[in-house]
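*Asks:* need coordinates for the below:
(one chain, ligands or ions: 1)
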Amino acid sequence: MFSYRHAFHAGNHADVLKHAILVQILDYLNHKDTPYWVIDTHAGAGLYALDGDWAGQSGEVTEGLDRVLGAAQPPALIERYVRAIQDFNPDGVANLYPGSPCLALHAMRPDDRLRLFELHPTEGQVLEDTLRQQMRASRRQVAVAFEDGFAGMKRLLPPPPRRGLVLIDPSYENKQDYRSVQQALRDGLQRFAQGCFVIWYPLVQRVQAHEMVRALERMPVDWLNASLTVCKPSSDGLGLHGSGMFIVNPPWTLETELRAALPWLQTVLAQDDQARFNLTRSAKAGQGQAGAAGAQAPATDGSRPRNDRPARPAAGRSPHQKRSPSRK
Ligand code: SAM
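*Replies:* Presented below is the predicted three-dimensional model:
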């Protein structure tokens, strides 16, 4: 069994990028009345105590969510994400961080369905308990399977309403994950060609990581690839210097929103002068069911987004505000 525990990383820069995009896609799906399914192949524990020992030990949230909460003029994509986080922290201090299952459930309507996979028995049990007790999720709407999400996902596709999002978010602790992601996406698209598939990937100095992204970009589908580097790769080759989201059949609104959000995120989450973002789009853009019109050129620059709105007060959410003692 692997040792990865998402609680150490909850609310870090990678979670900010991943979850802001997830919330935007769910928002988009909510525009139509037809129900949809969300399938989360690597669900994690669901809800994380930012004032708990694990998050406190790593301190990663201070370089992620805390910076975002303290920054002015967030673009729309980030504002929506922040609102979702605030809903889990009504007392105004960000002590709880919702992972992808809780963020998804929070956005979904009663007729939408959430199907979760988590292989780690302890994480899976915490997830199950959190969903039933804290989120009051019904078994009809939400099901947790304690099994391999790469394999389990296949039997759920296509989802009965033929609308849905599949989030593939492995820890990549196992190098095989890089290959499994590609296979899962191929299998998934065979069964559910019009589905929105969202793959999180790490920016690390590992050849498999680079190869996976290049292979994904060669797939003849409509995709959008957004990545954010927050610092220079470390000299020992260890650690995460950024992350990316590869989205197949993206909502047509997502590219525009990311064009506004990524420069802002680059500025706010930069740890050194190597921070940058990248946003690329498949040549096939617009041909997929949910794709936007027009292929795009890669955009990489350090400019701040144009945003005419007044600075948003960060009242009650300042990262400088001390978190309350651990609820654990
Ligand atoms: N998606 C979560 C979120 O955004 O809040 C975070 C998930 S975390 C990066 C990856 C999780 O996948 C870990 O909890 C790990 O135990 C679990 N895991 C690892 N291999 C798995 C597999 N083959 N199938 C399902 N879960 C797996």
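
*Asks:* Leu224 belongs to a helix?
*Replies:* No: counting by DSSP: H, G, I helix; E, B strand; the rest coil, Leu224 is not part of a helix but strand.

*Asks:* what sits against it?
*Replies:* The contact partners of Leu224, taken as CB atoms under 8 Å, 6 or more residues apart in numbering, are 246-247, 250, 254-255, 258, 279-282, 285. From N, CA and C alone the C-beta is placed, and that goes for glycine too.

*Asks:* narrow these to those in helices?
*Replies:* Among those, the members found in helices (DSSP state H) are 254-255, 258.

*Asks:* how many neighbours does whichever residue of the chain sits closest to the ligand have?
*Replies:* Here the residue of the chain nearest the ligand is Gly99; by CB to the nearest ligand atom that distance is 2.6 Å. Around Gly99 there are 25 other residues, counting by other CB atoms under 10 Å.

*Asks:* cool, and Glu217?
*Replies:* Number of residues near Glu217 (other CB under 10 Å) recorded here: 12.

*Asks:* count of residues packed around the closest residue to it other than its chain neighbours?
*Replies:* Among residues not flanking Glu217 along the chain, Asn225 sits closest, at 6.5 Å (CB to CB, 6 or more residues apart in numbering). By other CB under 10 Å, 21 other residues sit near Asn225.

*Asks:* mind listing what Asn225 touches?
*Replies:* Asn225 neighbours (CB under 8 Å, 6+ apart): 213, 216-217, 244-247, 278-281.

*Asks:* what about 10 Å?
*Replies:* 199, 201, 213, 216-217, 244-248, 250, 278-282, 298 (CB atoms under 10 Å, 6 or more residues apart in numbering).

*Asks:* go on, Ala151?
*Replies:* Counted by CB under 10 Å, 6+ apart, Ala151 has contacts 41, 117, 180, 184, 187.

*Asks:* got a pLDDT number for the first one?
*Replies:* In this case it means Thr41. Listed pLDDT for Thr41 reads 98.

*Asks:* gap between it and Gln194?
*Replies:* 18 Å (CB to CB, to the nearest Å).

*Asks:* where do the strands of the chain begin and end?
*Replies:* Remark: strands assigned in the chain by DSSP state E are 37-40, 47-49, 96-98, 113-117, 142-145, 164-168, 196-203, 223-229, 242-248, 276-281.

*Asks:* contacting residues for the spatially closest residue to Gln274 that is not a sequence neighbour?
*Replies:* Nearest residue to Gln274, sequence neighbours excluded (CB to CB, 6+ apart): Lys232, at 3.9 Å. Counting by CB under 10 Å, 6+ apart, Lys232 touches 241, 271-275.

*Asks:* do Leu265 as well
*Replies:* 13, 16-17, 20, 67-68, 71, 74-75, 77-78, 226, 228, 230, 258, 275, 277, 305.
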